[in-house]
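[1] below is the structure, and that's it, no one-letter string:
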DNA sequence: GCATGAAAAATACCC
DNA sequence: ACGGGTATTTTTCATGCG
């Protein structure tokens, strides 16, 4: 009997010392099925010492066979490591949990140098070896089984074949449950040992909404109802915001305290923390949308409400938001309690909306990279690239290198030109398309094509990187060349398919999500190559890529100059030139022909303003919009008042060409601030805590603010954004810092914001037009001069 | 002891 | 827990002066 299904999640179990792969899927008939595969035997490799014969080492291992009862067989094999042929022995092991112990013991056998691939988890090994990726359709030969009564599922069957990929694009009708949670704590962060959950706001993509409330702070029933709700809806995907970091741990803590079990999975166990610090719920995909927050670099403070606002899910102006510090007060006030309920309800609405907006991307990324949907968000970019590489390594017989600690040695990156300060008219930005990936392809740069200085010149010849002199085999094509070309081709194909599709159609949305996923991995490949934590780390690979890039951009600049195109600025893979349509188009063609990389005009600015600094400019686009790069406006660590000032100044300078209007605009803002007419929230400065508060070498303002919050009982961890304001008083800045939710407007040192926020941000632009810092201060009716001259 | 300027620490950006 | 290049602010340190 055949079963067709969409792969939701995978895990493994060991039953009577026999491993089982559990594949959770949704069938074509929209049934929830569990396919159990008992046939997969996992393995790892022994790498031999130089000059050892595989057969002899196998014999040595066989002599100690009784020490390793779960080894099925030993198989000499020839594979490659970093492109070099290597004799290995493949060790099949019937119990995956014994691999760490066995590999440790076997690596001590005479003639064995080390083990490889002993750190690949059983369930991932199964997916990789059988070319199965999550979030796709499969067909498998099965037989029915029973006797697994604890499992909440429509059907359990045993696999009689390996699941085979079926070409089918659509996502099945998934059941998605989202929830948000509010706990009650009089002071500081809630602790599960003492503080109850007071609200669980639950919603489903089938339109059900429920507010579970612990009226008298007794949350036993609330959690029971939650478990009941989950069980009856039986979701495939459970979503929330901050669930991996907080909510599941909290709910588990509460359940333990109340003497109950949090059975929200399909097997009857509790959620457990697993790989990459993600919380796993058997049979369901637990997706924490916070793990995808990094996909939105424009959102500086990555709260649920800010991301929802950014995606247009729910506008900030329309939201009910209650600060953590105010929650107990609001809850205990009968007039304000409804606001807390609305807050929770809206949080869950935002969660549902954000998932709707980005689930396609998450699923496409999961499918491309091969990590299950519940892990893909948590995995850092480097690991996403690495899993994609691992899958492709198999195709070329390349072993997966071990992960090891290495010393950090810096190397040179991209070239950045000194801009010509001032306003320039009619400027085009010419970009090399996917420069680093294309250089790697063009020069065959790869961990497996690198020819170290001690090696002789290979027959195929080598490409030699400029400046650094690293050599790469010309032939055969390397690992990266294969992987990157495939990614670039796949992306181009998708873009071709776009044509003729409605942007709102499901097909378009899925294709768009896939091309975004491909782009993310392609662009991250270079960064991966230079990451010392990478399994395939080879410093010359990264170093040669940037060396070639510098060489190419310099040649491009020279050619542009010789063509009579004025180069105003450039950064890594781009040049900014005075725009002349015909000349530019011709120039791009010449570059493509001579350099072999595609170059295209990206943006054309009617006007562009540069200060003396690199990486900071503001362009005026033909549609009248400002494109602000690097300046305070786009930085998250300046108060909004400073950012708004600078943006206003830029508008007046570029659209009205009026430094005097801009100066008056600054005066007005300063006067408003001095009268405290500017909203308090525009004075908050946000900075990230990048290490534990105690670990800092100096006393920094945001760290001192964090310490105050800690004193008040709030939990802060690395990565948290600290919002603070500067209060009046004497001494260093860090002595006058207050967390914004613990300070009042009256306490704020308005003059700090004038001198250290507004003036610098405005002056950055206006100093180009001979406006001095003192000119930016509004002239008061009685100046010091008036005052003195009066007597 | 204090003003001053350079160096170091820290952060967030660009591509 | 992907790279290097860069600007900027605030703290800290070194130095010279008296």
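    Perfect, thanks for sending it. Every value quoted in this text rests on a predicted model; they were computed, and no experiment measured them.
[2] as a check, name the ranges of all helices in the stretch 1-150 of chain A.
    With helices called from DSSP state H, counting those that start in this stretch, the stretch 1-150 of chain A shows them at A:54-63, A:99-106, A:122-129.
[3] and the residue of the stretch 51-200 of chain A that's closest to DNA strand C?
    When scored by CB to the nearest atom of the strand, the stretch 51-200 of chain A has residue A:119 as its residue closest to DNA strand C, at 12.6 Å. Yep, even glycine has a C-beta here, placed from its N, CA and C like the rest.
[4] repeat that for the stretch 451-600 of chain A.
    Counting by CB to the nearest atom of the strand, the stretch 451-600 of chain A gets nearest DNA strand C through residue A:527, at 2.0 Å.
[5] and that residue, that one's in a strand?
    No. Counting by DSSP: H, G, I helix; E, B strand; the rest coil, residue A:527 is not found in a strand; it is helix.
[6] count the neighbours of it for me.
    Applying other CB atoms under 10 Å, we find 14 residues neighbouring residue A:527.
[7] residue A:251 now?
    25.
[8] not counting its neighbours along the chain, what's nearest the residue nearest the centre of chain A?
    Geometric centre of chain A, nearest residue: residue A:294, 4.4 Å, by CA atoms, centre = their mean. Using CB to CB, 6 or more residues apart in numbering and skipping the chain neighbours, the partner closest in space to residue A:294 is residue A:302 (7.8 Å).
[9] how close does the closest residue to DNA strand B within the stretch 201-350 of chain A get to DNA strand C?
    Using CB to the nearest atom of the strand, residue A:300 is the residue of the stretch 201-350 of chain A that sits closest to DNA strand B, at 5.1 Å. Distance of residue A:300 to DNA strand C, computed by CB to the nearest atom of the strand, to the nearest Å: 15 Å.
[10] tell me the contacts of the closest residue to that residue other than its chain neighbours?
    Distances taken as CB to CB, 6+ apart place residue A:636 nearest to residue A:300, at 3.0 Å, with adjacent residues excluded. Counting by CB atoms under 8 Å, 6 or more residues apart in numbering, residue A:636 makes contact with A:300, A:301, A:686, A:721.
[11] with residue A:267 instead?
    Counted by CB under 8 Å, 6+ apart, residue A:267 has contacts A:150, A:151, A:152, A:282, A:283.
[12] report how many residues lie close to residue A:413.
    15.
[13] got the phi and psi for the closest residue to it other than its chain neighbours?
    Closest residue in space to residue A:413, ignoring its immediate chain neighbours: residue A:546 at 5.0 Å, by CB to CB, 6+ apart. Here the main-chain torsion angles of residue A:546 (degrees, to the nearest 10) amount to phi -70, psi -30.
[14] tell me the contacts of the nearest residue to residue A:409 once chain neighbours are set aside?
    With CB to CB, 6+ apart as the criterion, residue A:409 has its nearest non-adjacent residue at 6.4 Å, and that residue is residue A:539. In this structure, residue A:539 makes contact with A:409, A:411, A:530, judged by CB under 8 Å, 6+ apart.
[15] got any ranges where chain A has weak pLDDT?
    A:147, A:149, A:780-791 (pLDDT under 70).
[16] the longest strand in it is where?
    Longest strand in chain A by number of residues, with DSSP state E as the criterion: strand A:2-15.
[17] which of the helices of the stretch 1-150 of chain A sits most buried?
    helix A:122-129 (a mean of 20; mean count of other CB atoms under 10 Å).
[18] distance of residue A:129 relative to residue A:162?
    9 Å (CB to CB, to the nearest Å).
[19] hmm, I was thinking of residue A:273
    Distance, residue A:273 to residue A:162, by CB to CB: 30 Å.
[20] which one of the two is surrounded by more residues?
    residue A:162 (16 against 13).
[21] quick one, what contacts the more buried one?
    A:37, A:130, A:132, A:140.
[22] scan the residues you listed and report the most crowded one.
    Result: residue A:140 is most packed of these (other CB under 10 Å), 24 neighbours.
[23] fine, thanks again, bye for now.
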